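>>> Sequence and predicted structure are below.
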Amino acid sequence: MATLFENSVSHPIIRTKIGKPRLTSDLVPRPRLIERLNRGLDRKLTLVSAPAGFGKTTLVLSWLEACQRPSVWLSLDENDNDLATFLTYFIAVVRTRFPQACENTNGLFEANQLPPLDYVAASLINDIIDIEEPFIMAFDDYHHIRNENIQELMTRLIKAQPEQLHIVLTSRADPPLPLAWLRANHMMTEVRASDLRFSEREAELFLQRAVERGIDPVTAASLCQLTEGWIVGLRLAALSMQKGTNPEVILGGFRGDTSDFITDYLVSEVLKKQSTDMREFLLQTSILNRFNADLSDAVCYRSSTEADGSQESDREVLSTLRLISEVNNANLFLIPLGEEQGWYRYHQLFQEMLRNRLNSEYSRNQVETLHCRASHWFADHGYLDEAIGHALSANDINLAVNLVEEQSQNLLNLFDRNVLERWLSILPEEVVWMRPKLQITRAWILYRQFNITVLESVLDRIEHLIDIGKCSNDEKKVVGSHVQALRCATEYLLNANYPKVLNLSEKALRQLPESDRGARSVAFGFRAFSYQALGDRKLAIRELEQIIADLSPHSPAKSQAYLSLALLHLSAGNLNRMAQVTKQMFSFAAENMEVNAMPVANYTSGFLYYEWDDLDVAEVYFQRVFDARYRTNFMGGMGGALGLIRINQL
């Protein structure tokens, strides 16, 4: 019998987000702005805030390249609007420069859920304090961040910011951070659109480099005045001049309404002057926030006949490598990404215009097909966030749901429930509500969070879905066995119905495959607890010893089995046997990376020394458990607190 979730793909960090993009060859030195940024290094924050196309990213990159202080870089996007995701990338970025940094904060991900925000912020601040070398941390495109918890985290970080950290934000709009307080206390350097606009001299120098031929200073000055020093506007003019357009014609094209200019000029003077192959490549790859040759080749239509829905042409497949090279050589707003060779993205404004044109020229079905291809490529290469995002953009809900269902058990086993919760939240709730496998994923998350009351209602929902035929025969057996295993927990903890737990566990263990260790351990564990509650301590001990003997060394169930076994011996007054189990537990904890092992060993040690009336030692062990409350499950932290309360009551 197959397990509930058969496939597994890792959930990797997207490395192109945590490396600095490479600067283009037509960079114009801006010493007046670089000097301003240098003068602000002794302040907490540098904010570069301006609309799209003003060169925010380029300015900061050129400054960091010349700056003597070490720096790290994070490119933000819509997928980062989740506290756990943001923290994951924050830590990953810091570790590109300081590999051992942020150990305490990173350990918070091992618990069932993130601790309160004030605790997370304090942990992060303390971790940064431990970094002795001053460094700069740049967040590019911070305007994507709308999550209130992230804004609060950044606010707390800025207000208690260690001296060795300098934060840089680039954003299209001012973020909801304590800017007025920073400004009033002279703790922030600001660079605005008015500062970023090219002067006439800078515009002339830029056009000279971009066009690679002489340009009349008067024409350069006119272009600078008409574009108001807007860098993207000047780049568009340069692209047209590269194609041989007379500067006077360009000057005429710039006059008029600014919004009309952006769309009309970009499409007419840049896009229409590309070859057919190049034009199609630009439009079709505009759906991608990052791409390389292999991804582009997988996404793009091979011919115009395929785009029309007919059979693929026999003509030679276009060389995406050649097209990417041509785009790069033509300075078509292509940005090389970090240290990842071969990865690129378009300038966001250029990408937006390309997408608008794509949606006007291609049918909805054709655009959705592009997204569907992208989804399959990202899934095949282990990038599940992007795979799910493109599946939803393709309006292929089944594809998105299947991706989540296939990865759920793998992520639960890895204690990566934050990602699962985020995925469930972006899927349409009406779809999640009707999918038994998604509901069972939600049920396991609730169990790990010890939210037993809500868990019971979710299990009721799953059984209803099974009854109305929302499962295939194979799914019905597997989903049903998971429900039975989880029902063991609800019946034991909520209803104290021990005979029913024994019946449910027998059914679950009969159907669950040996490889489904997590569900089997729950059924085994609560069966053992029920035997104990019914007075059969010997049978309970045998059950727990079987869990320890049968499960893999890294199984989280072993920690629970050790704990239960130790407490059984405690209730029988067999302290010597309890001491032996506790010693085995410490050995297990030292040899394995399972998150709950060491807190459990400290917990049982606390009770052991409490019974031996050595309260000072018992308090040390209980305090260790309590101190690790945000790095273990809910019950561990509560047990440590209760142990300390017992001692303090004496």
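Looks like it arrived, so ask away. Numbering: from 1, shown residues only.
>>> can you tell me which residues contact the residue positioned nearest the centre of the chain?
Nearest to the geometric centre of the chain sits residue 85, at 3.5 Å (CA atoms, centre = their mean). The contact partners of residue 85, by CB atoms under 8 Å, 6 or more residues apart in numbering, come to 79, 418-419, 422. Yep, even glycine has a C-beta here, placed from its N, CA and C like the rest.
>>> Lowest pLDDT pick from those?
Across the contacts of residue 85, the smallest pLDDT goes to residue 418, namely 72.
>>> picking that back up, can you tell me the helix or strand for the residue nearest to the centre of the chain?
Here residue 85 is covered by helix 83-97, with elements defined by DSSP states H and E.
>>> CA atoms only for that helix, dumped as PDB, please.
The C-alpha coordinates for helix 83-97 follow below in PDB (Å, rounded to 0.1, in the frame of the first residue of the first chain):
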ATOM      1  CA  LEU A  83       7.300  36.200   8.800                       C
ATOM      2  CA  ALA A  84       8.900  32.700   8.700                       C
ATOM      3  CA  THR A  85       9.900  33.100   5.100                       C
ATOM      4  CA  PHE A  86      11.400  36.500   5.700                       C
ATOM      5  CA  LEU A  87      13.300  35.300   8.700                       C
ATOM      6  CA  THR A  88      14.600  32.300   6.700                       C
ATOM      7  CA  TYR A  89      16.000  34.600   4.000                       C
ATOM      8  CA  PHE A  90      17.300  37.100   6.600                       C
ATOM      9  CA  ILE A  91      19.400  34.500   8.300                       C
ATOM     10  CA  ALA A  92      20.500  32.900   5.000                       C
ATOM     11  CA  VAL A  93      21.700  36.400   3.800                       C
ATOM     12  CA  VAL A  94      23.600  37.100   7.000                       C
ATOM     13  CA  ARG A  95      25.200  33.700   6.800                       C
ATOM     14  CA  THR A  96      26.600  34.400   3.300                       C
ATOM     15  CA  ARG A  97      29.100  36.600   5.100                       C
END
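>>> mean confidence score for it?
94.
>>> residue ranges of the strands in this structure, please?
Assigned by DSSP state E, the chain shows strands spanning 45-49, 71-75, 135-140, 165-171, 188-191, 334-336, 344-346.
>>> Tell me where the model's unsure across the stretch 301-450 of the chain.
Filtered on pLDDT under 70, the stretch 301-450 of the chain yields the residue ranges 302-318, 330-331, 338-340, 409-417.
>>> thinking again about what came up before, what comes up buried for the helix holding residue 85?
Within helix 83-97, the residues that count as buried by 16 or more other CB atoms under 10 Å are 83-96.
>>> Next, the contact list for residue 355, please.
So residue 355 contacts 286-287 (CB under 8 Å, 6+ apart).
>>> how about a cut-off of 10 Å?
283, 286-287, 346, 367 (CB atoms under 10 Å, 6 or more residues apart in numbering).
>>> Would you mind splitting the protein into its domains for me?
Using automatic domain parsing, the domain parsing of the chain gives 29-195, 200-273, 552-650.
>>> got TSV for those domains, with distance to residue 22 too?
TSV is the format used below for the domains of the chain (distance: least, CB to CB, whole Å):
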stretch	distance to residue 22
domain 29-195	8
domain 200-273	17
domain 552-650	37
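>>> Comparing those domains by mean pLDDT, which bottoms out?
domain 200-273 (a mean of 73).
>>> coming back round to it: now neighbour count and distance to residue 496 too, for the contacts of residue 85, in CSV please.
Shown next, in CSV, are the contacts of residue 85 (neighbours: other CB atoms under 10 Å; distance: CB to CB, whole Å):
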residue, neighbour count, distance to residue 496
79, 19, 44
418, 19, 32
419, 20, 35
422, 17, 35
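>>> farthest pair in the contacts of residue 355?
Greatest spatial distance in those: 346 and 367, 16.5 Å, computed using CB to CB.
>>> What segments of the stretch 301-450 of the chain are helices?
With DSSP state H, counting those that start in this stretch as the criterion, the stretch 301-450 of the chain has helices at 304-307, 320-329, 348-361, 364-380, 384-393, 397-413, 417-426, 429-434, 436-448.
>>> quick one: the fifth one to helix 397-413, angle?
Helix 384-393 and helix 397-413 are oriented at 160 degrees to each other (axes from the mean of the first three to the mean of the last three CA atoms, to 10 degrees).
>>> For helix 384-393, what is the distance to the chain centroid?
Chain-centre distance of helix 384-393: 13 Å, with CA atoms, centre = their mean, to the nearest Å.
>>> same for that helix, what does it pack against?
helix 364-380, helix 397-413, helix 417-426 (3 or more CB pairs under 10 Å, 6 or more residues apart in numbering; DSSP states H and E).
>>> who wins for proximity to residue 478 among those helices?
Residue 478 sits nearest to helix 397-413 of all the helices and strands packed on helix 384-393, at 10.6 Å, using CB to CB.
>>> quick one on the thing from earlier: any idea which of the domains of the chain gets closest to residue 300?
domain 200-273 (16.0 Å).
>>> end to end, how far does that closest one reach?
Using CA to CA, to the nearest Å, one end of domain 200-273 lies 27 Å from the other.
>>> Mean neighbour count for the strands of the chain - can I get that in JSON lines?
Formatted as JSON lines, the strands of the chain follow (neighbours: other CB atoms under 10 Å):
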{"stretch": "strand 45-49", "mean neighbour count": "23"}
{"stretch": "strand 71-75", "mean neighbour count": "22"}
{"stretch": "strand 135-140", "mean neighbour count": "22"}
{"stretch": "strand 165-171", "mean neighbour count": "22"}
{"stretch": "strand 188-191", "mean neighbour count": "20"}
{"stretch": "strand 334-336", "mean neighbour count": "20"}
{"stretch": "strand 344-346", "mean neighbour count": "22"}
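>>> Make a markdown table from those and add distance to residue 27 to it.
Listed next are the strands of the chain as a markdown table, based on distance: least, CB to CB, whole Å:
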| stretch | distance to residue 27 |
| --- | --- |
| strand 45-49 | 16 |
| strand 71-75 | 17 |
| strand 135-140 | 17 |
| strand 165-171 | 16 |
| strand 188-191 | 17 |
| strand 334-336 | 13 |
| strand 344-346 | 17 |
